[in-house]
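1. coordinates only, sequence not included:
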C-alpha cells in the first residue's frame, strides 16, 4: 500500500529554540519533505505541529506528544533530541480499517534519527558548531532523501503499512547455531581481537545478514541503525540502485529557493570541501576491494593521496568516534570497529590492523563460513508450518519472524486484523507507561477476524508474541493450545545461540578453575553449579542478550 510522495505525506524536522523572532521563522526548519512545498505551506505544517506540542504539554508536561488523530490526517511526533522534533503527517485512507500503525511510523522517524546520529553525530551539536544551520540542513536533506529512496516504488512512497504487521523495525535478528559452530565463532572473535594488538577492537559477525556474535554491547551502538532490515548493511551491500537515479526526480521537485535553503542532492558530491557531506546510504558507492574489505570514496581521501578514507561511525552511548572496517567472505560479514583515538597513525594504523586480521584470521574465517553454510536452512529456516508469527523483545532489540514469503500468503483481512490488534497492544503499553504502573504487565488478546482466522497477541514479562492462524479450528481452546505449543517448542529454541555461547564460556571457565584449584571432581561439580548460575547471570547482564524465557 503506497501513498503519493508529494500529496499524502509530509515529513519535517524543526528546532523549537530557533526562529522565535518575527521574520526569522524559516530558521527553525531543518528539513521538510517534499522540499518543493512553498515555504508558506511548510511553515503552516510546522506551526500547527508546534501548536499541538505546546497544547498537549499543558496536560502532559512530562510525556511528549506522540500521535494526534485528525479527521483526515494522522500526525506522528518524535522528539529526537531536546527541542528538536520530527513530525510525519500522513493522509488517512478511505478503507474502513486503518492501514497505518502509529508506532510503526514513529519507528521510521526514530530510525532516521538513529542512522543520522550514527554517521554524523548529534543534530544539536552540529547546530552549535554552525549556528546558521546551513550545513546541518544539507546533511539532513542528503541523508534523508537517500533513506527515503529505499521506500520508493515508482512514484509512490511505501511506508510501513498493515502488510508489515509481522515485522519489527529496529531489532536484531540472530542466527541460531549449534554448539560446535558457536565454539568456532567465538574462536574467530578472539583471533580478531588479538590481531588488533594493543589497539582496542570491537567486532560483529553476521551470516546472511543475521547476527551471529558481537563483542559490542547493543546499547553502545544504535541497534536500529545496524539491524533494521532495509537500512542495515545488507542495504549498503545489496540495495537496489537501478531505480535510484530514475526515481530521484520523482521524489520531489524542489524550486531554486528550496535548493538554496536545503542544498540540492547533488551538492554533496565533494566539490566543496568546506561543505562536504558524507552520504553513506548510497549503495552504488560501496564496493568490495581485492582484499575482501568494503571500500568507498564517500568519506573522501587522504590529503595528497588516492587512498580512500576509512568510514567512521559514532557510538550512541559514549559518543566515541570509531573507524568502521567491513570484511566479507561469501555470506559471512565481519564488522570491525576501532576507536579513532586509539589509532595514532590514522589511516596507516587502520591499514596495519586490517592486514594483520587478514594474515591471522583467514583460515578461521573460511572455517566459520563453511560450518555456518552447512547448518544454514535457507530463507525459510525459521518457518514454522501452520504459523505466521513475530517474536519481539523490545528492551534488548531482538526479534524473529516468519519469512516474508510466507507472510505474503496471508489474506488482507488477516493482516488488517493483526495490524489493529498490534495497535491495541501498543495503546495498552502506552497507558501503562503514563499511569506509572508495572510496565511489564501481561497482556493476552485473541481475536476472530472477518475471514475466521485467529489473530493472537501475548505479552509476558516484556516479551511479545504475535501470531496469525488462518487454518485453525473453530474453537478458542484450539487457538490457545496452538499458542502454548508454539511457545513451548519454538520460543526458547529461537534463543539457542545464547545457550551455545554461554555453554562455551562455561567450558573455558571450568578448565581454568580445574587447573588452578585441582578440585575433586564431585566437589568441583557441586561448587560449579552455584558458580555457573552466577556466571550465566553475569554474562546475560553484560551482553544484554534476550533471556530464553517461555513466552
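-> Looks like it arrived, so ask away. Bear in mind the structure is a predicted one, so any value in this text is a computation, not a measurement. Numbers count the residues shown, from 1 in each chain.
2. work out for me the element residue 213 sits within.
-> Element membership for residue 213, per DSSP states H and E: strand 210-214.
3. neighbouring contacts of that strand?
-> Residues lying outside strand 210-214 but in contact with it, judged by C-beta atoms under 8 Å, 6 or more residues apart in numbering, are 172-175, 177, 182, 185-186, 188-189, 202-206, 227, 372, 497, 501. (Each C-beta comes from the backbone N, C-alpha and C, glycine too.)
4. swap in stretch 100-110?
-> Contacting residues not belonging to stretch 100-110 are listed as 11, 66-67, 74, 76-78, 80, 86, 88, 90, 92, 159-162, 164-165, 169-170, 224, 419, 422-423, 426 [C-beta under 8 Å, 6+ apart].
5. repeat that for 7 Å
-> The set of residues that contact stretch 100-110 without belonging to it, under C-beta atoms under 7 Å, 6 or more residues apart in numbering, is 66-67, 74, 76, 78, 86, 88, 90, 159-161, 164-165, 169-170, 224, 419, 422-423, 426.
6. what about the helices in the stretch 151-300 of the chain?
-> When secondary structure is read from DSSP state H, counting those that start in this stretch, the stretch 151-300 of the chain shows helices at 179-195, 223-226, 233-238, 244-251, 256-262.
7. quick one: the longest one to strand 210-214, angle?
-> What it means is helix 179-195. 60 degrees (axes from the mean of the first three to the mean of the last three C-alpha atoms, to 10 degrees).
8. and helix 179-195, which residues are buried?
-> Going by neighbour count (16 or more other C-beta atoms under 10 Å), the buried part of helix 179-195 is 181, 182, 183, 184, 185, 186, 188, 189, 191, 192, 193, 195.
9. helices and strands around it, which ones?
-> When contacts are defined as 3 or more C-beta pairs under 7 Å, 6 or more residues apart in numbering; DSSP states H and E, helix 179-195 packs onto strand 202-207, strand 210-214, helix 347-375, helix 496-517.
10. for the stretch 201-350 of the chain, which spans come out with low pLDDT?
-> Across the stretch 201-350 of the chain, residues meeting the criterion (pLDDT under 70) sit at 217-260, 263-275, 303-305.
11. strands along the stretch 401-550 of the chain, start to end?
-> Counting by DSSP state E, counting those that start in this stretch, the stretch 401-550 of the chain has these strands, from start to end: 443-448, 454-460, 463-469.
12. can you put these in JSON lines and add mean pLDDT and distance to residue 308?
-> What follows is the strands of the stretch 401-550 of the chain, written out as JSON lines (pLDDT from 0 to 100; distance: least, C-beta to C-beta, whole Å):
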{"stretch": "strand 443-448", "mean pLDDT": "90", "distance to residue 308": "50"}
{"stretch": "strand 454-460", "mean pLDDT": "91", "distance to residue 308": "47"}
{"stretch": "strand 463-469", "mean pLDDT": "93", "distance to residue 308": "43"}
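13. who wins for proximity to residue 114 among these?
-> For the strands of the stretch 401-550 of the chain, the distance to residue 114 is smallest for strand 463-469, at 20.6 Å, taking C-beta to C-beta.
14. list the contacts for residue 19?
-> Residue 19 makes contacts with 25, 26, 27, 28, as judged by C-beta under 7 Å, 6+ apart.
15. a markdown table for these, including pLDDT and secondary structure?
-> Formatted as a markdown table, the entries for these read as follows, by pLDDT from 0 to 100; DSSP: H, G, I helix; E, B strand; the rest coil:
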| residue | pLDDT | secondary structure |
| --- | --- | --- |
| 25 | 88 | helix |
| 26 | 93 | helix |
| 27 | 95 | helix |
| 28 | 96 | helix |
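16. thank you kindly, that will do.
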